[in-house]
Every structure is written in C-alpha cells, then in structure tokens.
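Peer 1: predicted model, plus sequence, below.
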Amino acid sequence: MKISTRGRYALRMMIDIALHGEENPVRIKDIAARQQISEKYLEQIVSVLNKGGFVRSSRGPMGGYRLARRAEEYTAFDILTAIEGSLAPVACLETEVNDCPRREHCATLTLWEEVDEAIRGVLKGVTLANLVERQKKIGEVDIGATVICSL
C-alpha cells in the first residue's frame, strides 16, 4: 500500500484547517501558501472533502473552509479512505466478502489480512486532533517569507 500525494495533501490540508480555522474560515489561497501546494490541486482535494462532509464551505469576502466536526471526530483512516478509496494491500481484501477463487488455498491470505488489520489499526487510532497536536509540537517552518507546516 502506498498513499498517494492526494492522500498526503488531504491530511496536510485538514491539519491546516484545524490549526487556522477556529476563528474564521480558511481560504484555499492561504493553505496553498503555507503548505506550498498548488491552489488548483487543493481545490480538487477540498471538493472531495466537502462532498464527503469533512469540511464546510462559506462564500464571500470572509469565506473559506472549516471543519464540519471537531478534530477529535476524524481519524486518519477516514480522511485517507475518502480520498484514496480502499487502503487494502491486495485486491481480494477490498470488498467485505472475499470472493477470490483461491482464498481457501492461499498461503498468503492470512499475511495480507494481518497487514490490512495493522494498517487500519494505526490509521483508525490517530485522530486529526492527534495530528494537530503533533504539528504544534513540531512547529511551523519559515521558508523565506512563507510559513509552512513541516509535514
């Protein structure tokens, strides 16, 4: 399993919104500057997050994005699966029922099930609030005139 750039950027975006969106909605332009990510790329990601109910948008001069729920209510697993889809290490574990014709005779199936369980366990055990706290401990990095999160 490999998390795509979209998945990594989605986590960074959600952390940024959680850090900077308590008082006012966060603009894509500001996230892009802090994270050094293209606005267009972030717009694609935030569209998925908005449709999935992860963020709420507001229009107008003070518009932008806010978390739809408290940071404690999101897990890394929730965010990544919204963007990536299945995180299963092999195709036969992507559906609830494994319909692989070799499942009864597959020596590696239990290995893949253990890998899948470990991945899910780690990602479900880390909330957005945990990631925000980690970011606060690490701090932000000043690169020239731009401040970015060090993720």
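Peer 2: On my side now, so go ahead.
Peer 1: so how far is Ala33 from Arg103?
Peer 2: 49 Å (Cβ to Cβ, to the nearest Å). C-beta coordinates here come from the backbone N, C-alpha and C atoms, glycine included.
Peer 1: ok, now Glu39?
Peer 2: According to Cβ to Cβ, Glu39 stands 9 Å off from Ala33.
Peer 1: can you pull the residues that touch both of those two?
Peer 2: Counting by Cβ atoms under 8 Å, 6 or more residues apart in numbering, Glu39 and Ala33 have no common neighbour.
Peer 1: give me the pLDDT value at the residue sitting furthest away from the middle of the chain.
Peer 2: The C-alpha centroid of the chain is most remote from His105, which lies 35.8 Å away (Cα atoms, centre = their mean). pLDDT for His105: 90.
Peer 1: one step back: which of Arg103 and Ala33 has more neighbours?
Peer 2: Legend: neighbour count by other Cβ atoms under 10 Å for Arg103 and Ala33, higher for Ala33 (15 against 11).
Peer 1: the more buried one sits in which helix or strand?
Peer 2: Using DSSP states H and E, Ala33 sits in helix 28-35.
Peer 1: who are the packing partners of that helix?
Peer 2: helix 5-20, helix 39-51, strand 64-67, strand 146-149 (3 or more Cβ pairs under 8 Å, 6 or more residues apart in numbering; DSSP states H and E).
Peer 1: and it with helix 39-51, angle?
Peer 2: Computed by axes from the mean of the first three to the mean of the last three Cα atoms, to 10 degrees, the angle separating helix 28-35 from helix 39-51 equals 110 degrees.
Peer 1: mind listing what's buried in helix 28-35?
Peer 2: The neighbour-count check on helix 28-35 (16 or more other Cβ atoms under 10 Å) flags 28, 31-32, 34-35 as buried.
Peer 1: may I have it exported as CSV, CA atoms only?
Peer 2: Provided in CSV are the C-alpha atoms of helix 28-35 (Å, rounded to 0.1, in the frame of the first residue of the first chain):
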residue,chain,number,x,y,z
ILE,A,28,-7.5,27.8,-0.2
LYS,A,29,-5.1,30.5,-1.2
ASP,A,30,-3.7,30.7,2.4
ILE,A,31,-3.5,26.9,2.8
ALA,A,32,-1.6,26.7,-0.6
ALA,A,33,0.9,29.4,0.5
ARG,A,34,1.5,27.8,3.9
GLN,A,35,1.8,24.2,2.5
